[in-house]
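# here is the input, now give the coordinates:
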Amino acid sequence: MDEKQEILQPSMEMTAGEMLRNARTTGRRKREIATIAKLLCIREEFLTALEEGNYRVIPEDVYILGFARSYAVELGLDPDEVIAKLKRELGIIPEETESEPVADSNINIYLYYPNV
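Below you'll find the model as predicted:
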């Protein structure tokens, strides 16, 4: 596969790490991990681990998600999309299912406005 085909691959088929690496290495602003690591105050090995999907290098899920969010924002990606994909990869949330929300007609909402 040539480089142009890789760039055009839809984000739905990419892992979170592939999305991060693709954003860092393509386009007008090709950037080095060392530069971003220094800017974000995140160790280079952690950013490399995120890109490679080697999450065992990073001690806790909370750090994985936090580092990935900061990295995505810095690279101009939608952090919510990256985090949702990462949570599915980590098994924190199940894969998306094709179900419709169930409406409950027995729920009533009352607003209380106290006398002031």
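
# chain neighbours aside, what residue packs nearest to residue 31?
residue 24 (5.4 Å; CB to CB, 6 or more residues apart in numbering). No exception for glycine: its C-beta is placed from N, CA and C like everyone else's.

# and for that neighbour, the neighbour number?
For residue 24, the number of neighbouring residues by other CB atoms under 10 Å comes to 21.

# now the longest helix anywhere in the chain, how far from the chain's geometric center?
Ranked by residue count and defined by DSSP state H, the top helix of the chain is helix 61-75. In terms of CA atoms, centre = their mean, to the nearest Å, the gap separating the centre of helix 61-75 from the centre of its chain is 7 Å.

# can you start the count at 607 instead of 1 from here on
I'll keep to 607 as the first residue from here, and by that count the last item is helix 667-681.

# re the thing from before, for the residue nearest to residue 637, phi and psi?
Here is the backbone geometry of residue 630 (degrees, to the nearest 10): phi -80, psi -30.

# any idea how far it is from residue 645?
Distance, residue 630 to residue 645, by CB to CB, to the nearest Å: 12 Å.

# start and end of stretch 650-664, how far apart?
Separation of the first and last residues of stretch 650-664 by CA to CA, to the nearest Å is 11 Å.

# okay, buried residues for that stretch please.
Residues of stretch 650-664 classed as buried: 652, 653, 655, 656, 657, 661, 664 (neighbour count, 16 or more other CB atoms under 10 Å).

# can you list the residues you listed in a markdown table and add pLDDT?
Shown next, in a markdown table, are the buried residues of stretch 650-664 (pLDDT from 0 to 100):
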| residue | pLDDT |
| --- | --- |
| 652 | 97 |
| 653 | 97 |
| 655 | 97 |
| 656 | 96 |
| 657 | 96 |
| 661 | 93 |
| 664 | 94 |
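
# around residue 686, how many other residues sit close by?
If you count neighbours by other CB under 10 Å, residue 686 ends up with 10.

# which residues touch it?
Residues near residue 686 by CB atoms under 8 Å, 6 or more residues apart in numbering: none.

# so what's the residue count around residue 647?
Residue neighbour count, defined by other CB under 10 Å, stands at 7 for residue 647.
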